[in-house]
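[1] Task: produce atomic coordinates for the following.
(chains A and B)
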There are 2 protein chains.
Amino acid sequence: MKTINIGLLGFGTVGGGTVQILQETLGEIERRLGASIAVKIIAVRDLNKPRAVSTGEIPLTDQPAEVVNHPEVDIVVELMGGTGLAKTLLEQAIENGKHIVTANKALIAEHGNELFAKAQAKGVHIFYEAAVAGGIPIIKALREGLAANQIEWVAGIINGTGNYILTEMKKPGADFASVLKVAQELGYAEADPTFDVEGIDAAHKLTILASIAFGIPLNFEKVYTEGISKITAEDIQFAEQMGYQIKHLGVASRTEAGFSLRVHPTLVKNEVLIANVNGVMNAVMAYGNHVGPTLYYGPGAGAGPTASAVVADIIDCVRASESQLPVPPLGYLTLSEEAEVVEIESVASAFYLRFFAKDHAGVLAKVSAILAEQGISIEKLHQEPCESKPEDATVVMLTDVVPESAMNAALAELANLSEVDGEIQRIRIGQFDAE
Amino acid sequence: MKTINIGLLGFGTVGGGTVQILQETLGEIERRLGASIAVKIIAVRDLNKPRAVSTGEIPLTDQPAEVVNHPEVDIVVELMGGTGLAKTLLEQAIENGKHIVTANKALIAEHGNELFAKAQAKGVHIFYEAAVAGGIPIIKALREGLAANQIEWVAGIINGTGNYILTEMKKPGADFASVLKVAQELGYAEADPTFDVEGIDAAHKLTILASIAFGIPLNFEKVYTEGISKITAEDIQFAEQMGYQIKHLGVASRTEAGFSLRVHPTLVKNEVLIANVNGVMNAVMAYGNHVGPTLYYGPGAGAGPTASAVVADIIDCVRASESQLPVPPLGYLTLSEEAEVVEIESVASAFYLRFFAKDHAGVLAKVSAILAEQGISIEKLHQEPCESKPEDATVVMLTDVVPESAMNAALAELANLSEVDGEIQRIRIGQFDAE
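    As a prediction, the model looks like this:
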């Protein structure tokens, strides 16, 4: 039986999990693959740090170049993270004819086009299932399982921290700040939570999903990104009263004008399965023109789930290396270079609006007139006394589907109304088929 | 670019859908695969029947042997169904060195062991994604996406007809018979609905899921199967009051005694995502020791979804035929032959019990005593006047987890109580981690 040699860059929790799975289930993997897998060398930051996972006789090095230049290494598994040194090392690995397995979403989203081109030129493979939605095999599902479809849209809860926060904010008395603090204490959120709560992490993953779904180059810099830090517990309650959950979604859709890539809070109807995905769990919906709606759910982070995806990729990578017709990294041998990614302004959505209005007679007439001027109809309206400001009313409305530009124009005028007190909350409503 | 030739057995709705996808998206498929696909010949039952999908210049034949013996056909796509002629034809195709793509769950579940052995001996591939859960790429997810895991259990809504009936029975005034009639009118259920509502179709699919999950031979004859025809609207309401939905699940689990394969109505907690899968949709949960819980959702039937899976299989089959290390049909090169499938009696479950009791004081004491004698505790109890029989009370109880054999012994004694009026309804409660 042939043995494939792995070199590991990074040995944190995911690296440890990967080595552990390879050690514990090597017999099973051989029974699946018809080949064996050996870890040949591991690059660590600090040779003296105690390790939870025994590396046995595998040599450790603090010189990562030794891994990518190791003559016997067939596949470099990159779990160090970052887009600087990791990129340089993987470029060298590709140059040396080695295949790549990586969990590095930022690297793939920001530099994947370049890396894939280099890999193609050298005839090596890059696999990155762990980069999106952790243990959920969503890359494989889109790239292979739905290969017969034109994917119309994908929409996903692809950041567990954000979903945990929005789920916990449903509890009585909770607000964004207090829940974030708990999430930080539990280790679900970083000390600086910007990356998660402002949607940058989700934008990395959405970039990758969009390219696989549509067969287009990676477009990270064109993703519209809006975080969840301005969502209030009241918004979540009002949405729920109207039959919706607020989820932080990454959405990529095929529109008449071009492809739309965006990350923002979204009202999702309770009947749509993804509305019921709670806590740190991830889920991705994909709508194919033949298959219709599908959904993939599971843990989006953690050593076990991420290492599960890394090891599946290693197996796939070995198979690809022995194939005359391997799966291309984004599912297509050639990408649609002419694909245009459109600005958010040209995307159409229905909207949730919530604002405080000085309770003068006639304010709703003024608001409706401004909306009507932009061709916006109100589908649902709810008004109640404002608890925090007794002189105000809280007004919540759901609109029909209108271009973002029309909504922006209306919002600018609404903000000028003397009766509108403070900022106007505006959240997009997802247009997903429930079934 | 190399061209792979397909021969089609059967040209019903799925066959039509398959040809249509191949015609419409050939350019996309070539861009994915780096090879072309041509339909060389189609075997139909009746040459004179009008067709919804144009076959252009593809020759039709009413002699299916012509397809499997066609010298230029590389892959035989079997969409005719049945386990008689279809089996004979596929055996001949394998003998002739042709690869197989099939949507035939009965054939794979009942004769897959034999067919896979023959295929292995001839070095050809068999793909059958469309056989389970229609358009959901669940075979691929289990076989490749979760390959690093020991799968602990799978549990799925894998029959859309049954799920439609149970969903519709939640509406006021609905009962099994009336909903079945509507399902038949809508074309969701056959004139003879036995295959769907008694769980035989689900047992076929569960057989296949279990073998892929555990790497064991196909064991259709060992699947315990119980239908939904005895579930009443009251059961569904009582379950809902207690925080559960009743779903017809196929469950395969790894137990200490061996593997358990079963299809039966199951109470599923509302918090478990699959409890929210409604209508004709399918969903499969898979729990891996590293990844944890995952779920895959989508349409389980219909021309588009099924053809989506068939075409993805054709692409995979072409790739496998050009590989030195192709994916084995059940994910493993060798199966665990020693695997024992245990009888339902040795499986442990929590139970929902519902019966009518003559409202004598002391009946609950007698019932509890009989249960206690078998080591069964009552976790929840609900009693209310019986609407249909004013002299009776309806008693609903949820028990703790006990061996099926203990419950059977208790039920036999309970049935002898003069205070118990009529049959005792007994439904198993699913033990799924919500997250």
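[2] Could you see whether chain B lies near stretch A:111-121?
    No: between stretch A:111-121 and chain B, judged by Cβ under 8 Å from any Cβ of the partner chain, nothing touches; the nearest distance is 11.9 Å. Just so you know, the C-beta spots here come from the backbone N, C-alpha and C atoms, and that holds for glycine as well.
[3] And for stretch A:330-342?
    Yes: judged by Cβ under 8 Å from any Cβ, stretch A:330-342 comes into contact with chain B through A:331-334.
[4] Just the buried residues of the residues you listed.
    For the residues of stretch A:330-342 next to chain B, a burial check counting by 16 or more other Cβ atoms under 10 Å in any protein chain shown picks out A:331-333.
[5] Return the member of the residues you listed nearest to residue B:78.
    Using Cβ to Cβ, the shortest approach to residue B:78 within those belongs to residue A:331, at 26.5 Å.
[6] my read: the closest one touches residue A:216, true?
    No: in terms of Cβ atoms under 8 Å, residue A:331 does not count as a neighbour of residue A:216; the distance is 10.7 Å.
[7] mind listing what's buried in the helix or strand that residue A:108 is a member of?
    Secondary structure assigned from DSSP states H and E places residue A:108 in helix A:105-122. Within helix A:105-122, the residues that qualify as buried by neighbour count (16+ other Cβ under 10 Å) are A:105-113, A:115-116, A:118-119.
[8] which of the residues you listed lies closest to residue A:268?
    Sorting the buried residues of helix A:105-122 by how near they are to residue A:268, with Cβ to Cβ, puts residue A:105 at the top with 23.2 Å.
[9] thinking again about what came up before, nearest to residue A:343, of the residues of stretch A:330-342 next to chain B?
    Of all the residues of stretch A:330-342 next to chain B, the one with the least separation from residue A:343 (Cβ to Cβ) is residue A:332, at 24.9 Å.
[10] Excluding covalently adjacent residues, which one is nearest to the closest one?
    residue A:215 (4.1 Å; Cβ to Cβ, 6 or more residues apart in numbering or on different chains).
[11] Looks to me like residue A:161 is in a helix.
    Yes: in this structure, residue A:161 lies within a helix as judged by DSSP: H, G, I helix; E, B strand; the rest coil.
[12] Which residue comes closest to it once chain neighbours are left out?
    Residue A:161 sits nearest to residue A:196 (Cβ to Cβ, 6+ apart), 3.9 Å away.
[13] Also residue A:286?
    Using Cβ to Cβ, 6+ apart and skipping the chain neighbours, the partner closest in space to residue A:286 is residue A:154 (4.8 Å).
[14] Identify the residues contacting the one you found.
    For residue A:154, the set of contacting residues under the criterion of Cβ atoms under 8 Å, 6 or more residues apart in numbering or on different chains consists of A:142, A:209-210, A:213, A:250-253, A:284-287.
[15] hey, where'd the strands end up in the stretch 201-350 of chain A?
    Defined through DSSP state E, counting those that start in this stretch, the strands belonging to the stretch 201-350 of chain A, from first to last, are A:224-225, A:244-254, A:259-269, A:281-288, A:292-299, A:348-358.
[16] and whatever residue of the stretch 301-435 of chain A ends up closest to chain B, what does it touch?
    Of all residues in the stretch 301-435 of chain A, the one sitting closest to chain B is residue A:311 (3.5 Å; Cβ to the nearest Cβ). For residue A:311, the contact set (Cβ under 8 Å, 6+ apart) comprises A:18, A:21-22, A:25, A:29, B:147-148.
[17] Quick check: residue A:89 is in a helix.
    Yes: using three-state DSSP, the secondary structure at residue A:89 is a helix.
[18] now the buried residues of helix A:105-122 in a markdown table, with distance to residue A:273 and pLDDT?
    Formatted as a markdown table, those follow (distance: Cβ to Cβ, whole Å; pLDDT from 0 to 100):
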| residue | distance to residue A:273 | pLDDT |
| --- | --- | --- |
| A:105 | 24 | 98 |
| A:106 | 29 | 98 |
| A:107 | 31 | 98 |
| A:108 | 27 | 98 |
| A:109 | 26 | 98 |
| A:110 | 31 | 98 |
| A:111 | 34 | 98 |
| A:112 | 30 | 98 |
| A:113 | 33 | 97 |
| A:115 | 34 | 98 |
| A:116 | 32 | 98 |
| A:118 | 39 | 98 |
| A:119 | 36 | 98 |
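[19] now, the most widely separated pair of those?
    For the buried residues of helix A:105-122, the maximum inter-member distance is 18.7 Å, found between A:105 and A:118 (Cβ to Cβ).
[20] related to what we said a few turns ago, turn the residues of stretch A:330-342 next to chain B into CSV, columns for pLDDT.
    Conversion of the residues of stretch A:330-342 next to chain B to CSV gives the following (pLDDT from 0 to 100):
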residue, pLDDT
A:331, 97
A:332, 96
A:333, 95
A:334, 93
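[21] I'd assumed residue A:376 was in contact with residue A:397.
    No: here residue A:397 lies out of contact with residue A:376, judged by Cβ under 8 Å, at a distance of 9.6 Å.
[22] which residues of the stretch 301-435 of chain A score low on pLDDT?
    Within the stretch 301-435 of chain A, the stretches with pLDDT under 70 are A:433-435.
[23] so where do the helices sit in it?
    According to DSSP state H, counting those that start in this stretch, the stretch 301-435 of chain A carries its helices in the segments A:303-321, A:363-373, A:404-416.
[24] now, of the ones you listed, which is deepest in the fold?
    Mean neighbour count, computed with mean count of other Cβ atoms under 10 Å in any protein chain shown, is highest for helix A:303-321 among the helices of the stretch 301-435 of chain A, reaching a mean of 26.
[25] That helix vs strand B:281-288, what angle?
    Relative orientation of helix A:303-321 and strand B:281-288, computed by axes from the mean of the first three to the mean of the last three Cα atoms, to 10 degrees: 100 degrees.
[26] Looks to me like residue A:172 is in a helix.
    No: counting by three-state DSSP, residue A:172 is located in no helix; its state is coil.
[27] and it, how many neighbours does it have?
    For residue A:172, the tally of surrounding residues (other Cβ atoms under 10 Å in any protein chain shown) stands at 6.
[28] distance of it from chain B?
    18 Å (Cβ to the nearest Cβ, to the nearest Å).
[29] residues from the stretch 51-200 of chain A in reach of chain B?
    Near chain B, the residues belonging to the stretch 51-200 of chain A are A:129, A:135-137, A:140-141, A:144-150 when assessed by Cβ under 8 Å from any Cβ.
[30] what two of those residues have the greatest distance between them?
    Spatial extent of those (Cβ to Cβ) is set by the pair A:135 and A:150 at 27.2 Å.
[31] Compare these two (neighbour count), which wins?
    Residue environment comparison for residue A:135 versus residue A:150 gives the larger neighbour count to residue A:135, 31 against 16, counting by other Cβ under 10 Å.
[32] Lovely, talk soon.
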